[in-house]
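Undergrad: one predicted model, sequence on top.
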Amino acid sequence: MSQTPPVQSAIEQKLTEQLQPQYLLVENESHKHSVPPNSETHFKVTIVSASFDDARMVKRHQMVYQVLTDELAGPVHALALHTLTPTQWQTRSKEMPQSPNCLGGGN
């Protein structure tokens, strides 16, 4: 039985509680970077929330940063964000671009 690592779990919980997303995907991309195995330092977050309806992209990112203040001050080194309104999510056919591998990283 697979268990969600603690940092990823905290990110998921906080974003769910604070932004009530229609869709949330938190991906640990640490393995794409030069970090020890099982690290939780690099994440990609795709979040669809009506909370973003009247907010520009910068404001949406600031909203996420505010929710994840503790994680960004500690274990999380990088956070790739895809913050969408429900309408934008439908327009994109529910797809987001893949993240590239780190130039100095592994796989």
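TA: Sure thing, it's come through. Residues are numbered from 1 along each chain as shown.
Undergrad: CA atoms for contacts and neighbours, from now on please.
TA: OK.
Undergrad: strands of the protein, start to end?
TA: Along the chain, the stretches classed as strands by DSSP state E are 23-28, 42-48, 78-84.
Undergrad: so which of these is the most packed in?
TA: Highest mean neighbour count of these: strand 42-48, a mean of 21 (counted as mean count of other CA atoms under 10 Å).
Undergrad: I'd like the average pLDDT over that one.
TA: Regarding strand 42-48, the rounded mean pLDDT is 94.
Undergrad: model confidence for L103, exactly?
TA: 57.
Undergrad: could you do P5 as well?
TA: Looking at P5, its pLDDT reads 83.
Undergrad: just give the number of residues close to it.
TA: Look at P5: counted by other CA atoms under 10 Å, it has 12 neighbours.
Undergrad: and it, how far is that from F43?
TA: With the distance defined as CA to CA, to the nearest Å, P5 ends up 12 Å from F43.
Undergrad: next: I11.
TA: Using CA to CA, one gets 10 Å for the distance from I11 to F43.
Undergrad: any residues in contact with both of the two?
TA: By CA atoms under 8 Å, 6 or more residues apart in numbering, I11 and F43 have these common neighbours: V26.
Undergrad: count the neighbours of S9 for me.
TA: With other CA under 10 Å as criterion, S9 counts 12.
Undergrad: for P75, see how far away it is.
TA: Using CA to CA, we find S9 at a distance of 13 Å from P75.
Undergrad: got it, and Y23?
TA: With the distance defined as CA to CA, Y23 ends up 24 Å from P75.
Undergrad: one more: E29?
TA: Counting by CA to CA, the gap from E29 to P75 is 13 Å.
Undergrad: need the helix or strand of the protein with the lowest average pLDDT.
TA: Between all helices and strands in the chain, the lowest mean by mean pLDDT, DSSP states H and E belongs to helix 86-91, at a mean of 92.
Undergrad: buried set for that helix?
TA: By 16 or more other CA atoms under 10 Å, the buried positions in helix 86-91 come out as P86, W89.
Undergrad: please renumber so the chain begins at 45
TA: Done: numbering now begins at 45, and the last item shifts to helix 130-135.
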